[in-house]
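Peer 1: Sequence and predicted structure are below.
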Amino acid sequence: MTISSQSIAFFADFRTPSVSRWIFAAAALAAFAAPSAADARTGAYDGVWNVLFATQRGNCSSSNSVPFTVTGTRVSSAGGGKVTGGISRGGTVSVNISVGASKASGSGRLAGNSGAGRWSGIITGDRCSGTWQATRSG
């Protein structure tokens, strides 16, 4: 899976401040999901995750999708930009993302094949924050 120039633009040029309401409902639901027994195993989250970022505050793009890779307890980029982070056996995830001068960090939780959380950062000089949702590919 590769990252498109449109996905990279998420970190390079935010301009639309609106967010879909379904993001909030899904994020709230996922935040209370308990990990299954299979999720507790090391590597239970391995694979490529498509992460949809939605902006709640700031002059940034309303939503963009970026792929991440999870291997064991490590989170990295699945294409474009620098992504570093980790995930616990219980699914708690934390990441730092940078593309050029734009930087963001996020945290949340994965459970099964989905997840959700919050992010914040400085994107092309604008301070922005919002929510994210993730689904595992394949």
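Peer 2: In hand now; what should we look at?
Peer 1: C-alpha only now, for contacts and for neighbours.
Peer 2: Noted.
Peer 1: which residues of the protein fall in strands?
Peer 2: With DSSP state E as the criterion, the chain has strands at 47-57, 63-71, 74-77, 82-87, 92-99, 102-111, 114-123, 126-136.
Peer 1: who's in contact with the residue nearest to S105 when sequence neighbours are not counted?
Peer 2: Closest residue in space to S105, ignoring its immediate chain neighbours: N96 at 4.3 Å, by C-alpha to C-alpha, 6 or more residues apart in numbering. By C-alpha atoms under 8 Å, 6 or more residues apart in numbering, N96 lies in contact with V83, T84, G85, K103, A104, S105, G106.
Peer 1: from those, which is closest to W119?
Peer 2: W119 has its nearest neighbour among the contacts of N96 in G106, at 4.0 Å by C-alpha to C-alpha.
Peer 1: Nearest spatial neighbour of that closest one, chain-adjacent residues omitted?
Peer 2: Distances taken as C-alpha to C-alpha, 6+ apart place W119 nearest to G106, at 4.0 Å, with adjacent residues excluded.
Peer 1: Identify all residues paired with the one you found through a beta bridge.
Peer 2: G106, G130 (DSSP bridges).
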